[in-house]
Structures are given as C-alpha cells and as structure tokens.
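> Any chance you can model this:
(one chain, ligands or ions: 2)
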Amino acid sequence: MIIAVDGPAASGKGTIAKALAAHYGLPHLDTGLLYRAVGIAVLRGGGDPSDEGEAFHACAFDEALLTDPGLKSEAAGRAASIVSAHPSVRAALLERQRDFAHQKGGAVLDGRDIGTVIAPEAQAKLFVTASPEVRARRRFEELERMGLAVTYDHVLGDIRARDERDSGRGIAPLRQADDALLLDTSTLDVAAAVATAIGLVEQRRKG
Ligand SMILES: Nc1ncnc2c1ncn2[C@@H]1O[C@H](COP(=O)(O)OP(=O)(O)O)[C@@H](O)[C@H]1O
Ligand SMILES: Nc1ccn([C@@H]2O[C@H](COP(=O)(O)OP(=O)(O)O)[C@@H](O)[C@H]2O)c(=O)n1
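Ligands and ions are numbered 1, 2, ... in the order given. Have a look, this model is predicted:
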C-alpha cells in the first residue's frame, strides 16, 4: 500500500507519516528533507537559492547532508521552498521519490505533491493541515527545543511566506488532491491526530 501524506509546514504531516509507517510496517520518506538538502547545499556553497542553475547543480548533494542537523533550521526551510519552485530541481528529485513509493510492499511518503504528482495512484491520501498560528506555535517550540534562537512572530511570518510560495508556484503547487481526505490537526494532540489518520487510512483500505 502507498500512503501519501501532504500538507503545509508544521501541520504534523511528518509525525503522522512516521506513525502510519510504524503502524503498517512500511518504510517512510520525508521528501521535504531532499529539498532542504538542496537548499542547504546552495547556501553553504555561497549560492543563491533563487538561481535555478545553482539549485539544479546542488541536486547532486552529498547523501550525508540528509542527516545534517542544519536541515531542520528555518533558513533551510526557506531555501528549500525557494529551490523547490524550479522545474529542473523537481525533475531531478522525482525519480528517487517515485522509486521509493513503488518499492515492493509499499511505502509512506510525506511532502507537498505526493498525492498529486509523485504517487497519484496511492491507495490512501491524507491532506494534513492546521491554522497558521497553531503551526507556528508548534514549529517555534520545536526550534526552541533544538536550542535555536527564534521568535514566534518570526516563525509565523516564515510559515505564511512558505505557504504562499508553496501554494502559488506554477509547478506541483501545494494543494489537496481531489481524492485526498482532509485532516485538520488544529485541535488534536499527537495521539488523537495519529488515531484519526489511521481511521482515515482504514476507510480507504476497506472502501
Ligand atoms: N497534533 C499535534 N499536536 C501538537 N504538536 C504536534 C502535533 N503534530 C505534530 N506536532 C509537533 O509539531 C512539530 C511539527 O510537526 P511535524 O510532524 O514535524 O510537522 P510537518 O512534518 O508537517 O512539518 C513537531 O515538534 C511535532 O512534535
Ligand atoms: N514534496 C515536497 C516536499 C517539500 N517541498 C518543499 O520543501 C520545503 C520544506 O519542506 P518540509 O516538508 O521539510 O517542511 P516542513 O513542512 O517540515 O516545514 C517546503 O516548504 C516546500 O517548498 C516540496 O516542494 N515538495
């Protein structure tokens, strides 16, 4: 079974995708990490994420970058959101994601375009969301726990800017697939959000 989990920044999609993977015994891919790695590779090379040529070049990033703690920073998220709007960058990362989705037995992937572009044939698609304020609070607390110097207002501004860029781009914009089930986690804690997600996947499996 392929499970596609899409949604905006800090909606809880990664938490849900990981829990679904554990529940169903499937491998999980956080596709945002790939774009973050490209973004960080450009920044560390002194380049400009909005330069498509530089961003494309960075798609051949060192695999060790995928476990770099710097990937979780706001700067990496911002750079990821800029490089991910370049068609050549999306094309360069496409096959790797499709191969992961189509491995024997299935997989869980989370991102922005899993249900629409990477695996439109996924048996279960969830679109996870929450209000921008709730998402900013969660991300703010997460970054604080990591010891990063951030303010709530800055994180909220960053989340809004990313929402706009991710939803407004011409290629693979963030949107709920027609056959995706909506899961708003604004008033759900992690346990309730995961339980709801499992219920929705079961609905698709049986239907
Ligand atoms: N339903 C929830 N209630 C409270 N906190 C949550 C919930 N879901 C996720 N979180 C927390 O919010 C932060 C962002 O969650 P994450 O799953 O990484 O979001 P995303 O993958 O959408 O960016 C993490 O610190 C996570 O523990
Ligand atoms: N499948 C994906 C995943 C991420 N991305 C981009 O990569 C950025 C970082 O993604 P992420 O999932 O790591 O970000 P968070 O939602 O965890 O904050 C997003 O803002 C998107 O611009 C994408 O375009 N397509």
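
> Hmm, Pro27 is touching Phe100, no?
Yes. Using Cβ atoms under 8 Å, Pro27 and Phe100 qualify as a contacting pair, with a distance of 7.4 Å. All C-beta spots, glycine's among them, are computed from the backbone N, C-alpha and C.

> hey, what's in contact with both of the two?
When contacts are counted by Cβ atoms under 8 Å, 6 or more residues apart in numbering, Pro27 and Phe100 have Ala107 as shared neighbours.

> Those two - which one has more neighbours?
Counted by other Cβ atoms under 10 Å, Pro27 and Phe100 do not tie: Phe100 has more neighbours, with 18 against 13.

> what residues are up against that one?
Contacts of Phe100 were listed using Cβ under 8 Å, 6+ apart, and they are Pro27, Leu29, Ala107, Leu109.

> Could you rerun that using 10 Å?
Neighbour list for Phe100: Ile2, Pro27, His28, Leu29, Thr31, Ala107, Val108, Leu109, Ile118, Ala119 [criterion: Cβ atoms under 10 Å, 6 or more residues apart in numbering].

> do Thr185 as well
Contacts here follow Cβ under 10 Å, 6+ apart; on that basis Thr185 touches 7, 10-13, 15-16, 128-131, 134-135, 138, 192-194, 196-197.

> From ligand 1, how far out is it?
4 Å (Cβ to the nearest ligand atom, to the nearest Å).

> which parts of the protein sit against ligand 2?
Residues of the chain lying close to ligand 2 by Cβ under 6 Å from any ligand atom are 9-10, 14, 31-32, 35-36, 77, 80-81, 84, 111-113, 162, 166.

> Which residues of this structure lie near ligand 1?
7, 9-15, 138-139, 142, 185, 188-190, 193.

> now, which of these sits nearest Asp48?
Of all the residues of the chain next to ligand 1, Ala9 has the smallest distance to Asp48: 21.8 Å, by Cβ to Cβ.

> Could you find the closest non-adjacent residue to the residue nearest to the spatial centre of the chain?
Ranked by distance to the mean C-alpha position of the chain (Cα atoms, centre = their mean), the top residue is Gly111 at 3.0 Å. Among residues not flanking Gly111 along the chain, Thr31 sits closest, at 3.6 Å (Cβ to Cβ, 6 or more residues apart in numbering).

> thought that neighbour was touching Gly115?
No. With contacts defined as Cβ atoms under 10 Å, Thr31 does not count as touching Gly115, sitting 11.8 Å away.
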